[in-house]
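*Asks:* Mind looking at a prediction? Sequence and model below.
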Amino acid sequence: MADDNRTSTILGIVGTILWCIQLVPQIVVDFRRKSTKGVPQSMMLLWTAAGAAFSVYFCVPNSNMPLMIQPQIFTALCLVAWLQCLYYADGLDDPRRMPLWKALACVAAVVAVSAGVQAALIVPLKDQYHNHDVRWPNLLIGTIAALLIILGFVPPFKDMVAHGGEVVGLNFVFLAIDSAGALFSMASLLTEPGAFQSPGVDLGNDIIGIVLYLMVPVCEVGMIAGHTYWWLRGGRRAASVGEPLDAAEKGVRSSAETVRADESDSSLAESGALAGPETGTETGTETEVEDAPSEKKALE
């Protein structure tokens, strides 16, 4: 039993370390380019709310320490990324970007609300969970956290559809680390002593925890697959010209139409050049015929 607990803790620590740095590549990239184009604000805000729900969900049953710390780090990184979304927007010349003080004020307000909600829920739910065996509220919070994670992936998938499958703005190193952290955390939950052995709500809690961590790599693998499809379809050519794939295809069609129009104009010009002298000769003959009677009249 002690070995199982040690294994669960080690896996949880690895998952926590990975989730400590998961958003760092994204934050660094956005800082360097001074833009969060392709990084949806709603995604980071929903994940911030999911992180708060994670905290309640794992603190109430007294899960191992890494699993209780992990949501707090996840929430903090999401808030930093959301701050960048507010301050940078799609670039420093974007009129939608906020002044830094206003962006910081928004983040501080979210932190205050999140801390207040967690404090208001964890203390009474712990009492109900451990002293009165009322555990369904924690299961409900875990379900809400799962839904928030799913909803957080909706905006980038919508952007992918709009760009023909291309993942715009999101860093693939971030996606890889995020998936790895989720998988290690899921393994930690699976190897925790007593996992899936308790009936009823406890079993539901274990299942919700697994689902929470499994959805992250599933969604992110889907994003990578969509980007691969875009790349194979012609995304490399589109990226080389700095245009979306659809725009590049339209440009190719437009260029072909322009070439055909130029060829048509050239053919018309050539046929006009050939017909011009004949028309001019006929016109000159008609003029000479018309002028002949007038010359006769002048001689008379």
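*Replies:* Here it is on my side, so go on.
*Asks:* lowest average confidence, helix or strand, in this protein?
*Replies:* The helix or strand of the chain with the poorest confidence is helix 245-299; it has a mean of 50 (mean pLDDT, DSSP states H and E).
*Asks:* Any stretches of the stretch 51-200 of the chain with poor pLDDT?
*Replies:* 193-200 (pLDDT under 70).
*Asks:* which residue ranges form the strands in it?
*Replies:* Applying DSSP state E, counting those that start in this stretch to the stretch 51-200 of the chain gives no strands.
*Asks:* how about the helices in it?
*Replies:* In the stretch 51-200 of the chain, the segments counted as helices under DSSP state H, counting those that start in this stretch are 65-88, 100-131, 136-162, 172-190.
*Asks:* and of these, who's closest to residue 233?
*Replies:* Closest approach to residue 233 among those is made by helix 136-162 (12.6 Å; Cβ to Cβ). Using the backbone N, CA and C atoms, a C-beta is placed for each residue, glycine as well.
*Asks:* Also compute the angle for the helix or strand hosting residue 210 relative to helix 100-131, please.
*Replies:* Using DSSP states H and E, residue 210 sits within helix 201-230. Between helix 201-230 and helix 100-131, the angle comes out at 140 degrees (axes from the mean of the first three to the mean of the last three Cα atoms, to 10 degrees).
*Asks:* Which strands and helices lie in contact with helix 201-230?
*Replies:* Under the contact definition 3 or more Cβ pairs under 8 Å, 6 or more residues apart in numbering; DSSP states H and E, helix 201-230 sits against helix 41-59, helix 136-162, helix 172-190.
*Asks:* and the second one, how far out from the chain's middle?
*Replies:* So the one you mean is helix 136-162. A distance of 14 Å separates the centroid of the chain from that of helix 136-162, by Cα atoms, centre = their mean, to the nearest Å.
*Asks:* Any buried residues in it, and which?
*Replies:* 137-139, 141-146, 148-149, 152-153, 155-156, 159-160 (16 or more other Cβ atoms under 10 Å).
*Asks:* Next: stretch 42-57.
*Replies:* For stretch 42-57, the neighbour count (16+ other Cβ under 10 Å) marks 43-57 as buried.
*Asks:* what's the distance between residue 45 and residue 227?
*Replies:* 24 Å (Cβ to Cβ, to the nearest Å).
*Asks:* ugh, wrong one, I meant residue 211
*Replies:* From residue 211 to residue 227 the distance is 25 Å (Cβ to Cβ).
*Asks:* circling back: include distance to residue 30 when you put the helices of the stretch 51-200 of the chain into JSON lines, please.
*Replies:* Listed next are the helices of the stretch 51-200 of the chain as JSON lines, based on distance: least, Cβ to Cβ, whole Å:
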{"stretch": "helix 65-88", "distance to residue 30": "5"}
{"stretch": "helix 100-131", "distance to residue 30": "13"}
{"stretch": "helix 136-162", "distance to residue 30": "14"}
{"stretch": "helix 172-190", "distance to residue 30": "10"}
